[in-house]
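Asks: here you go, sequence then predicted model.
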Amino acid sequence: MTRESNKGETYRHAPAFILLFLARENLYGAALLSKMQEELPRCFADSAVIYRSLQELEEDGSVEAYWETDVSGPARKWYAITAKGYERLAQFKEDIEIRKKNLEFFLKSYKIIVKKD
């Protein structure tokens, strides 16, 4: 499977990872992307995915934004997870656990099939 064909599937979980990182600390968009690129084994996100997801999360009340204007340089829009965001994060956790079980089943079954050959 190419990265292009997998793009939609990985984007589905972008909000989950964004909420996870924001649960640890408030971040602005570029800092969030940088942390994800540093910490995820295979970061699927680019700046467009990050900012689009942040906008959707802000619109649904999962994150709130505030501007930092008292430092030198351009103002930065920071994001913080809300109570609703923590609820969504818990829902993502449950969904990912189910997907993980399905993937573990696949890998176990595949291993058995390959040994037969």
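Replies: That came through, no problem.
Asks: rest of the way, CA atoms for contacts and neighbours
Replies: Noted.
Asks: output the helix or strand hosting L22 as PDB, nothing but the C-alphas.
Replies: For L22, the host element (DSSP states H and E) is helix 14-24. Extracted in PDB, the C-alpha atoms of helix 14-24 (Å, rounded to 0.1, in the frame of the first residue of the first chain):
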ATOM      1  CA  ALA A  14      -4.900  13.100  13.100                       C
ATOM      2  CA  PRO A  15      -7.300  14.600  15.700                       C
ATOM      3  CA  ALA A  16      -6.600  11.800  18.100                       C
ATOM      4  CA  PHE A  17      -2.900  12.500  18.000                       C
ATOM      5  CA  ILE A  18      -3.400  16.300  18.200                       C
ATOM      6  CA  LEU A  19      -5.600  15.900  21.300                       C
ATOM      7  CA  LEU A  20      -3.000  13.500  22.800                       C
ATOM      8  CA  PHE A  21      -0.200  16.000  22.300                       C
ATOM      9  CA  LEU A  22      -2.400  18.900  23.600                       C
ATOM     10  CA  ALA A  23      -3.300  16.900  26.700                       C
ATOM     11  CA  ARG A  24       0.400  17.000  27.600                       C
END
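Asks: can you check the pLDDT for the residue nearest the centre of the chain?
Replies: With distances taken as Cα atoms, centre = their mean, the residue of the chain nearest its centroid is F17 (2.2 Å). F17 is assigned a predicted lDDT (pLDDT) of 96.
Asks: ok, now C43?
Replies: So, for C43, pLDDT stands at 85.
Asks: re the thing from before, partners of the next helix or strand along the chain from the helix holding L22 in the sheet?
Replies: In the C-terminal direction, the helix or strand that comes right after helix 14-24 (DSSP H and E) is strand 27-28. Looking at strand 27-28 with DSSP bridges, its partner strands are strand 76-81 (antiparallel).
Asks: right, I'll call it a day here.
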